[in-house]
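[1] I would like the atomic coordinates for the input below:
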Amino acid sequence: MLLRSFRATLTSIALLLALPACAQSSPTQAKAANDADPALWMVKDADTTVYLFGTIHVLKPGLSWFDEAVKTAFDKSGELVLEMVQPDPAAMQQIVATTGINPTGPTLTEQLPEAKRPAYLKALTEAGLPSAAFDRMKPWLAAVSLSLMPIQKLGYDASNGPETVLASAAKSANKPVIGLETAEQQIGYFNGLSQPAQMQFLVSTVDELPEAGKTMATMVDNWSHGDPEALAKTMNESLKDSPEVAKVLLTERNARWAKWIANRMNKPGTVFVAVGAGHLAGPDSVQAQLARAGVKAERVAY
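    Okay, here's the model as predicted:
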């Protein structure tokens, strides 16, 4: 199976968090009983510091993570770097409509393997949608849309995620915010997958929807306890079954981001880089790519 479990789907939805309409979160969050201490790294030379922070793109309200070393590193930084700067919602909708909709040809339901159609239609019904709701979507967009539904129902939302909080804090502090990628690029990763890969992506999503709550809870727990290796295993293990998906969504992006960081070290200043935590663990992580270029990233103890 190309994507054996919902873990790969949840890893991938980070690319399309602009699809749901999410409210902006306050840049400061009250200290909660549910304290989180996610992992943070630092790349440093004589006149440049780059902090590397791994995120979970959707969270429930209440986790207190924007404090201690993370907040200190952010406050010291003159610039925030995210995977993508969130575009205007209307612009994002246009990009998705242009790339993710197939107005002609067989419907998505017709394209699905016959044995998988009942589970797919059941998922739509449980979400309160008509059976033809996604019929003109390409498989990748249907997979992402389906995967977001159960975790949103459980209270996970991008408005509580680190990217939204950090972007809001940067705006309040007049810090510039830049993206390592554009919305067009990120959606293009999905849209560029082969048709068989897209369809298997959808099938795997349908198969694993019942595991959404358990999987997200495990990921958030690993993240909160600053255990990047466990988190990466949960998020990325199933990508090993698909060289195509792993190359496009993980390895190639890590290499490009590591190159960006290495080049940024040539310019004085302090930068806070926040990317999905799955990119910051494992043999092909951003840190591993940096090490191959002779640049050392050190874990910040706190």
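
[2] Check for me that Arg253 belongs to a helix.
    Yes - checked against DSSP: H, G, I helix; E, B strand; the rest coil, Arg253 lies within a helix.

[3] How much space separates it from Trp260?
    Going from Arg253 to Trp260 by CB to CB, to the nearest Å gives 10 Å. All C-beta spots, glycine's among them, are computed from the backbone N, C-alpha and C.

[4] Please identify which of the two sits among more neighbours.
    Arg253 (23 against 15; other CB atoms under 10 Å).

[5] correct me, but the more buried one touches Gly278?
    No - applying CB atoms under 8 Å, one finds Arg253 not in contact with Gly278, separated by 10.5 Å.

[6] Okay, buried residues for the helix or strand Thr98 falls within please.
    Using DSSP states H and E, the element containing Thr98 is helix 89-100. For helix 89-100, a neighbour-count test (16 or more other CB atoms under 10 Å) marks Met92, Ile95, Val96, Thr99, Gly100 as buried.

[7] Same check on stretch 262-274?
    Buried residues in stretch 262-274 (16+ other CB under 10 Å): Ala262, Arg264, Met265, Thr270, Val271, Phe272, Val273, Ala274.

[8] what is the mean pLDDT for it?
    Taken as a whole, stretch 262-274 has an average pLDDT of 98.

[9] can you list contacts of that stretch?
    With contacts defined as CB atoms under 8 Å, 6 or more residues apart in numbering, stretch 262-274 is touched by 43, 45, 47-55, 73-74, 76-83, 162-163, 166, 257, 261, 290, 293, 295.

[10] Which of the buried residues of helix 89-100 sits closest to Arg299?
    Among these, Met92 lies closest to Arg299 (CB to CB), at 34.4 Å.

[11] The closest one contacts Ala183, doesn't it?
    Yes - using CB under 8 Å, Met92 makes contact with Ala183 at a distance of 5.9 Å.

[12] quick revisit: show the buried residues in the contacts of stretch 262-274.
    For the contacts of stretch 262-274, a burial check counting by 16+ other CB under 10 Å picks out 43, 48-55, 73-74, 77, 79-83, 162-163, 166, 257, 261, 290, 295.
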